[in-house]
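Trainee: Fold the following.
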Amino acid sequence: MTRLRAPFGPWDPAPLSEVVARFSGSGSRWWVAGGHAIELAVGRRIRSHADVDVLLLRRDQLGVQRALPGWQWWAADPPGTLRPWAADEVLPPDVHDIWCRPGPDDPWRVQIMLDESDGHEWVSRRDSRLRRPISALGTLSAGGVPYLAPDVQLYYKAASPRPKDETDFAAALPVLTDEQRRRLADALLMTYGPHPWIARLRA
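Mentor: Presented below is the predicted three-dimensional model:
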């Protein structure tokens with residue numbers, strides 16, 4: 001089987017308008033994720049982005065192939081490799097990321113993240129104790145773009161925060177509701193133990 005090893009080649013992230021146009025017809029629930037989700041929550045541009053992330057529930061993974069027909073889809077097989085994702089193949093539970101590009105000579109355009117669910121609940125792939133109704137996993141921007149709730153996105157960013165994650169946290173902190181602050185602080189403590197963001201969330 002063909003495999004790619006890091007580095008995997010250049011990125012030219014699809015604009016959000018293209019992401020919305022393609023995934024709106026996928027027949028699956030989806031949310032803009034990553035740094036773009038934080039910017040949608042904050043309502044302004046925060047920083048530059050090397051990629052664009054879209055989150056789907058694992059059970060809806062084939063919606064990616066419907067949204068991006070004719071593209072190349074590559075599954076991120078741990079550790080550190082990409083391999084082609086075949087049409088209609090159901091990915092194993094240890095694959096959480098899919099890289100997508102229009103053709104073999106094109107840059108990567110969209111990165112997909114898969115998360116877990118149980119009935120009507122979202123279940124964090126990092127900690128199965130963390131759950132919430134799928135209906136409350138994200139919200140819509142003023143322009144009608146679905147995006148991941150900022151407290152959920154920051155929870156994932158908090159595992160090993162990079163400078164850009166610290167930037168996103170600082171930008172999002174003022175717009176988090178009291179409930180989002182509480183949920184995020186509790187989730188960080190439960191999964192990661194003492195975390196430097198907790199004091200700022202509880203201030």
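
Trainee: rest of the way, CA atoms for contacts and neighbours
Mentor: Fine.

Trainee: mean confidence score for the longest strand along the chain?
Mentor: For the chain, the strand with the greatest residue count under DSSP state E is strand 110-118. Computed over strand 110-118, the mean pLDDT rounds to 98.

Trainee: For that strand, name the packing helices and strands.
Mentor: In terms of contacts (3 or more Cα pairs under 8 Å, 6 or more residues apart in numbering; DSSP states H and E), strand 110-118 is packed against strand 53-57, strand 97-101, strand 121-123.

Trainee: tell me which residues in it are buried?
Mentor: 110-117 (16 or more other Cα atoms under 10 Å).

Trainee: Now Gln153. Its backbone dihedrals?
Mentor: phi -60, psi -40 (degrees, to the nearest 10).

Trainee: List the contacts of the residue nearest the centre of the chain.
Mentor: Per Cα atoms, centre = their mean, the C-alpha nearest to the average position across the chain is that of Ala33, at 3.8 Å. Neighbour list for Ala33: 52-55, 147-148, 153 [criterion: Cα atoms under 8 Å, 6 or more residues apart in numbering].

Trainee: Which of these sits closest to Leu68?
Mentor: Leu68 has its nearest neighbour among these in Val54, at 12.4 Å by Cα to Cα.

Trainee: Which stretches in this structure count as strands?
Mentor: So, for the chain - with DSSP E - the strands run 4-5, 30-33, 53-57, 72-77, 81-84, 97-101, 110-118, 121-123, 131-133, 138-140, 146-148.

Trainee: pLDDT averaged over the second one - what is it?
Mentor: For strand 30-33, the mean per-residue pLDDT is 98.

Trainee: One more: the first one?
Mentor: Confidence over strand 4-5 (mean pLDDT, whole number) is 86.

Trainee: Just the residues contacting it, thanks.
Mentor: Residues outside strand 4-5 that contact it (Cα under 8 Å, 6+ apart) are 80-83.

Trainee: What pairs with that strand, parallel or antiparallel?
Mentor: strand 81-84 (antiparallel) (DSSP bridges).

Trainee: Report the mean confidence score over the strand it pairs with.
Mentor: Per-residue scores along strand 81-84 average to 95.

Trainee: residues of that strand that come out buried?
Mentor: By 16+ other Cα under 10 Å, the buried positions in strand 81-84 come out as 82-84.

Trainee: of all those residues, which comes closest to His96?
Mentor: When these are compared against His96 (criterion: Cα to Cα), the nearest one is Leu82, at 11.6 Å.

Trainee: separation between the closest residue to the closest one other than its chain neighbours and Leu55?
Mentor: Nearest residue to Leu82, sequence neighbours excluded (Cα to Cα, 6 or more residues apart in numbering): Ala76, at 4.5 Å. Distance of Ala76 to Leu55, given as Cα to Cα, to the nearest Å: 15 Å.

Trainee: Okay then, goodbye and thanks.
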